[in-house]
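A.B. asks: 3D model of this:
(chains A and B)
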Amino acid sequence: MFKYYGKYAPYLFLLPAVVVLVIFFFIPFFQTFLLSFLDYSHNIYKPEFIGLENYINLFKNPIFYKVLWNTFIYLFVAVPILAIFPLFLAILINQKIKGVTLYKILIYLPVIVSIVVAAIAFKWLYADQGILNYLVTKLGMESIGWLTDPNYALYSVIIVTIWKGIGYYMIIYLAALMSVPKELYEACDIDGANFLTKHLTVTVPHIMPTIALVTTISAISAMKVFAEIYVMTKGGPLNSSKTIVYYIYERAFENLDLGFASAMAVVLLIIVMIFSLINILCFERNKYNI
Amino acid sequence: MKKIIEKITIHSILIFVSLLSIFPFIWLISTSLKGNSENIFAYPPQIIPQDFTWANYSGVWDKVDFIGYFINSMIVAGGTVLLNLILSSMAGYPLARMEFKGKKITFFAILATIMIPFQAIMLPVYLITLKLHLVDTVNNFAGFIGLIMPFAVSAFGIFLMRQAFLGIPKEMEEAAIVDGCNVFQVFWRVLLPMVKPSLAVLAIFTFIGSWGEFLWPSIVLTKEAMYTLPVGVNNLQGMFSSNWRFIAAGSILSTIPILIFFLAMQRYFISGENEGAVKG
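C.D. replies: The predicted model follows:
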């Protein structure tokens, strides 16, 4: 094809997007590293260069380890459930049954609703005299301080994240299930395989890339949780439900300790970039044509 | 017989999960419809209100400027969608169709932004937004621009549009050029109309993302008159401390617009054709 566009046309078309990305992605990206070497805690308008001191303080800070640990619990609890349970649902919905669209809409509903409303709804379920504690006492147990007991608060928040993610990943799995050849299932039926063996031997190996994709994207979003915690617990009680993004927010915008918060942001950045790199290189090559 | 048992089992599980998915909202709706003479902490809990009333809705409506929040959310989500459509399709076009110096670097630089989570760079983004005077303390217009600009374009959108342009046969452009179109006319009159389905997908998912955004507006907004719906709804908790009837009514009210949007557009969300379009 002959070149019908002028020398500058490609750059003109790219310019607006590139300007926005430079101002709101690339400059902030490098500035995050820069800020992590500065001390804002004495004078917010006159930061001093302090080298690696923020990192030293960070790694000496017990709350940072607590926050990191909480974030990893978030990963270890939420990610396996979000990788497996939606697949199970997708397989059920993929059977020839009636009412599929209605089920899909209802299960997808939490995805669409604002996380703030979802968190408020769960806060109400979790109330001390709330409906969940009614069920718990009905079962003969002591009522639980879902959001007020340091042993439970983190898990109560994780439940909201899981509840809100199930429909999203279920739809991703449903799309993947369409690609599994029907003949393989028929062969299984002739062999008299039961539900579990059928799907473990046919479905799971076939959609392994999608399972891996769901694992990495749910891991990336688990690293980034904020709103659930902000609305429900503010990280408490006793930092028990504080995760890394919430702690960055708190140190930066409540304590105005931008340097310390940036050092933590660098840690977050590195972890998420590793996950994303795996994601892009292994599972999403087609999406970006690389 | 075995088939029937299997079907009943599948339906039971799916009905149970569907109920779990909507129960938190049902319980919120139930609470929002209970009058003052009914104990909302009653054991056993009553799903059907005994003292049925709409008073909580009118009460919270009078005290909270939902229309204002809604308009603010519309401005922010609308502006974000519009800019994403324009900037992503403009950037996607040369990446799909033109040869130029620096193409590879541009491509990988844009791809790299996918790996950068907003939460990790939000501090400098905030400082830059302050420096550019794009905050509501300057004026409302600047405040809106500040809410929109960090999300005005995404690598996801650029790659989506690039893919769409790659799928158009080159003969389309050639015919247009023979007819005397210049490069802008090719883009605007020939190519854009052919990628409408991708533009629709981009618009819908950008809208949902922008509509639900909570972290950024809660960082930059200082004036209540500028609150978007999620920020306003979160604020209900402080306004009505333990008045759960009002908090519930306000939360439900704020959800109605997005619910209508979802039901109208549901095929885009649940068909599975646009997998991975929204970040969870």
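
A.B. asks: all helices for the stretch 101-250 of chain B, in order.
C.D. replies: For the stretch 101-250 of chain B, helices defined by DSSP state H, counting those that start in this stretch occupy the ranges B:103-113, B:118-131, B:140-148, B:155-166, B:170-178, B:183-185, B:192-194, B:196-212, B:215-220, B:229-239, B:244-264.

A.B. asks: chain center to the fifth one, what's the gap?
C.D. replies: Yep, that's helix B:170-178 we're talking about. 36 Å (C-alpha atoms, centre = their mean, to the nearest Å).

A.B. asks: over to the longest one?
C.D. replies: The gap between where helix B:244-264 is centred and where its chain is centred comes out at 15 Å by C-alpha atoms, centre = their mean.

A.B. asks: and the helix or strand that that helix is followed by, what other elements does it pack with?
C.D. replies: As assigned by DSSP states H and E, the chain's next helix or strand after helix B:244-264 is helix B:266-270. Contacting helix B:266-270 under the criterion 3 or more C-beta pairs under 8 Å, 6 or more residues apart in numbering or on different chains; DSSP states H and E are the following elements: helix A:100-112, helix B:196-212. Heads up, the C-betas are built off the backbone N, CA and C, glycines and all.

A.B. asks: and the next helix or strand after the first one, what does it pack against?
C.D. replies: So the one you mean is helix A:100-112. Once the chain leaves helix A:100-112, the next helix or strand it forms, by DSSP H and E, is helix A:115-125. Judged by 3+ C-beta pairs under 8 Å, 6+ apart, helix A:115-125 is in contact with helix A:153-177, helix A:227-232, helix B:2-32, helix B:229-239, helix B:244-264.

A.B. asks: tell me the angle of helix A:115-125 relative to helix B:244-264?
C.D. replies: Using axes from the mean of the first three to the mean of the last three C-alpha atoms, to 10 degrees, the inter-axis angle of helix A:115-125 relative to helix B:244-264 is 140 degrees.

A.B. asks: how about the helices and strands packed on helix A:115-125 in JSON lines, adding mean neighbour count and distance to A:Gln31?
C.D. replies: Shown next, in JSON lines, are the helices and strands packed on helix A:115-125 (neighbours: other C-beta atoms under 10 Å in any protein chain shown; distance: least, C-beta to C-beta, whole Å):
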{"stretch": "helix A:153-177", "mean neighbour count": "23", "distance to A:Gln31": "29"}
{"stretch": "helix A:227-232", "mean neighbour count": "24", "distance to A:Gln31": "24"}
{"stretch": "helix B:2-32", "mean neighbour count": "16", "distance to A:Gln31": "40"}
{"stretch": "helix B:229-239", "mean neighbour count": "21", "distance to A:Gln31": "26"}
{"stretch": "helix B:244-264", "mean neighbour count": "20", "distance to A:Gln31": "34"}
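
A.B. asks: export those helices to JSON lines and tack on mean pLDDT?
C.D. replies: Output for the helices and strands packed on helix A:115-125, formatted as JSON lines (pLDDT from 0 to 100):
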{"stretch": "helix A:153-177", "mean pLDDT": "94"}
{"stretch": "helix A:227-232", "mean pLDDT": "95"}
{"stretch": "helix B:2-32", "mean pLDDT": "93"}
{"stretch": "helix B:229-239", "mean pLDDT": "92"}
{"stretch": "helix B:244-264", "mean pLDDT": "94"}
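
A.B. asks: reformat those as JSON lines; add distance to A:Lys242.
C.D. replies: Conversion of the helices and strands packed on helix A:115-125 to JSON lines gives the following (distance: least, C-beta to C-beta, whole Å):
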{"stretch": "helix A:153-177", "distance to A:Lys242": "9"}
{"stretch": "helix A:227-232", "distance to A:Lys242": "7"}
{"stretch": "helix B:2-32", "distance to A:Lys242": "23"}
{"stretch": "helix B:229-239", "distance to A:Lys242": "18"}
{"stretch": "helix B:244-264", "distance to A:Lys242": "24"}
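
A.B. asks: for these, which one sits closest to B:Gln46?
C.D. replies: With C-beta to C-beta as the criterion, B:Gln46 lies closest to helix B:2-32 of these, at 7.5 Å.

A.B. asks: quick one: the residue positioned nearest the centre of chain B from B:Gln266, how far?
C.D. replies: Centroid-nearest residue in chain B, with C-alpha atoms, centre = their mean: B:Ile208, separated by 1.9 Å. Per C-beta to C-beta, to the nearest Å, B:Ile208 is found 12 Å from B:Gln266.

A.B. asks: swap in A:Gly6?
C.D. replies: Applying C-beta to C-beta, the value for A:Gly6 to B:Gln266 is 44 Å.
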